[in-house]
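**Student:** Sequence plus predicted model, see below.
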Amino acid sequence: MNTFLVILNIAIMLLFVFGLFYMQKKHVSFSKRVFTALGIGIIFGLFLQFVYGSTSDIVTQSVDWFNIIGSGYIKFLQMIVMPLVFISILSAFTKLTITNNLGKISALIIGILVGTTAIAAGVGIATTIGFNLEAIQIEQGDAELARAEELEEKLTGIEDMTLPQKIVELLPGNPFLDFTGARPTSTIAVVIFAAIIGIAYLGVKRKQPDQAEMFAKIVDAIHAVIMRIVTLILRLTPYGVLAIMTKTVALTDLNAIAKLGKFVIASYVALAIMFIIHLLLLTFAGLNPITYVKKALPVLTFAFTSRTSAGTLPLNVKTQTTQLGVSEGIANFAGSFGLSIGQNGCAGIYPAMLAVMIAPTVGIDPLTPSFILTVIAVVAISSFGVAGVGGGATFAALLVLSTLNLPVGLAGLLISVEPLIDMGRTAVNVSGTMTAGVLTSKVTNQLNQEVYQNMQHVEA
């Protein structure tokens, strides 16, 4: 009986897949197909949840098959991340699109990413205080205790690393190793390695123009092939969103969400405020925020669904360049740096909220100005150094809490709703990188205003 029901669920999923394929054949816009997939995924996931239960073997086995589409799509995206980052940065040098302002562009992108993360920390603190959230309000079950032990173990390997050591970890000691993504800082290392090759190319161009011209043609050819691969993979986005969203909703523990609803709501209020701040920054720069929302929504939707900033990079970069008018070099720098530096959701809001929630358990008043300023400063610094220890919300929280001498084990209290909160955090992370790319292009006068304002690009 179980086997029959699993086959039935798979058949229903395949029907939805064929439906999305039919929409593609009828030239329904990319955005509409993505949101259709999102809606169907939520409905189908809720259906599986209520009919079988989130812990049912039928759901587990069905989702295992759905993963061929969902996880397979994410793997394809992860496959192309390193080649895309490397060849796009290098191509920016051969096409002379970034070389004149390399230092200024890098400083602007990093400054915006870290600066917005400091603001995000302030938002997280204010929201936590506003909702009166405290760690003692959460019951510690077996899952929470197990998570606490895991975090304590992870802290052992990172707490003694100094800021200079974290910065050194960004450098490409073995670029071939970094191309495999073996280190947490591999993406940034590949960016630096590509920039070094690009600078070397400029030197060769001055002294040996023939060799430089040949090298540039090779780079252009590889770039064209890589971008074609990106296009092919991105066509699979609606199918990936459908499978991933179905899995997420079907396996979500609704009882845990009900118990911790206040914390989930507070987290999303903070994330929504931060997203509004991104829009305000664009408005102050003289850009229409509504246009940004319409064009960025498919990217943010995928980031929300997949919970992977790295997997979103190809779609992120393509949207910045083809729809928001950001130059290719800046888009790749912003997207690549944003994977490890200044993540507004994971490294900004999340650790700040945890710090304020946990502080009362050790007798610290989280309302004192000195504590609030210290948290913001620590979060801002850690959001840059977190790349050297793996990045992500968990390591950001470990760094911030350990620096403030707060018990890191209590960070495991939200383990049951972590996936739900992480969806929003990832979307805000990606929005932060896109905002950094657009603002940097605007400041350096490299933003194509016609492309940004042209609403026809929304349907691309």
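**Tutor:** Ah, there it is.
**Student:** Where does the prediction get shaky in the stretch 301-450 of the chain?
**Tutor:** 384-392, 394-395, 409-416 (pLDDT under 70).
**Student:** at 50 instead, please
**Tutor:** Scanning the stretch 301-450 of the chain for pLDDT under 50 picks out 387-391.
**Student:** What are the boundaries of the strands in it?
**Tutor:** Ranges of strands within the stretch 301-450 of the chain: none, based on DSSP state E, counting those that start in this stretch.
**Student:** can you pull out the helices in it?
**Tutor:** Along the stretch 301-450 of the chain, counting by DSSP state H, counting those that start in this stretch, helices occupy 309-322, 328-337, 350-358, 369-385, 392-403, 418-443, 449-453.
**Student:** Is it possible to get CSV of those helices that adds mean neighbour count and distance to Met13?
**Tutor:** Using the backbone N, CA and C atoms, a C-beta is placed for each residue, glycine as well. Output for those, formatted as CSV (neighbours: other C-beta atoms under 10 Å; distance: least, C-beta to C-beta, whole Å):
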stretch, mean neighbour count, distance to Met13
helix 309-322, 25, 21
helix 328-337, 28, 31
helix 350-358, 28, 32
helix 369-385, 19, 39
helix 392-403, 24, 30
helix 418-443, 25, 20
helix 449-453, 14, 37
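**Student:** Ala37: which of the ones you listed is closest?
**Tutor:** The closest of the helices of the stretch 301-450 of the chain to Ala37 is helix 309-322. By C-beta to C-beta, the value is 13.9 Å.
**Student:** Give me the helices and strands touching the closest one, please.
**Tutor:** Packed against helix 309-322, as judged by 3 or more C-beta pairs under 8 Å, 6 or more residues apart in numbering; DSSP states H and E, are the following elements: helix 57-94, helix 209-234, helix 289-306, helix 328-337, helix 418-443.
**Student:** May I see the buried residues of the third one?
**Tutor:** What that stands for is helix 289-306. Residues of helix 289-306 classed as buried by neighbour count (16 or more other C-beta atoms under 10 Å): 289, 291-292, 294-306.
**Student:** likewise the second one?
**Tutor:** Residues of helix 209-234 classed as buried: Ala212, Phe215, Ala216, Val219, His223, Ile226, Met227, Val230, Ile233, Leu234 (neighbour count, 16+ other C-beta under 10 Å).
**Student:** same deal with the first one?
**Tutor:** Burial within helix 57-94, assessed by neighbour count using 16+ other C-beta under 10 Å, is assigned to 58-59, 61-63, 66, 69-71, 73-74, 76-77, 80-94.
**Student:** average pLDDT across the very next helix or strand once past that helix?
**Tutor:** The element immediately downstream of helix 57-94 (helix or strand, assigned by DSSP states H and E) is helix 102-130. Summarised as a single mean, pLDDT over helix 102-130 is 90.
**Student:** by how many degrees do helix 102-130 and helix 392-403 diverge?
**Tutor:** Here the directions of helix 102-130 and helix 392-403 differ by 70 degrees (axes from the mean of the first three to the mean of the last three C-alpha atoms, to 10 degrees).
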